[in-house]
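Asks: okay, structure incoming, though there's no sequence with it:
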């Protein structure tokens, strides 16, 4: 039986390199990412992100927000409220 584990995502803003995102798997391996996903339907989300991130596009604030955020002018992670999540999901669904 496999032991239970978690996937951790570490977000931060480096003064020299800018925003940084690292994903740590249950075995302790960590990798830097431009965008990533974890959990249910992870592979589908990663495939979507790979298509969107192809050619290193620049996204607006509204295009990148999904569940939580860290901004350079306020470098503290905060989870979005249910109303904010619903607003963003509605905007995403209307695009497709």
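Replies: Arrived safely, thanks for sending. Just so we're clear, the structure is a prediction, and the values are computed from it rather than from any experiment.
Asks: list the contacts of the closest residue to residue 38 other than its chain neighbours.
Replies: The shortest distance from residue 38 to any non-neighbouring residue, by CB to CB, 6 or more residues apart in numbering, is to residue 7 (4.2 Å). Quick note: C-beta positions are derived from backbone N, CA and C, even for glycine. When contacts are counted by CB atoms under 8 Å, 6 or more residues apart in numbering, residue 7 touches 23-26, 38-39.
Asks: now compare those residues and name the two farthest from each other.
Replies: Based on CB to CB, the longest span within the contacts of residue 7 runs between 24 and 39 and measures 14.3 Å.
Asks: more neighbours: which of these two?
Replies: The neighbour count for residue 24 versus residue 39, taken as other CB atoms under 10 Å, is higher for residue 24 (14 against 7).
Asks: separation between that one and residue 14?
Replies: Distance, residue 24 to residue 14, using CB to CB, to the nearest Å: 17 Å.
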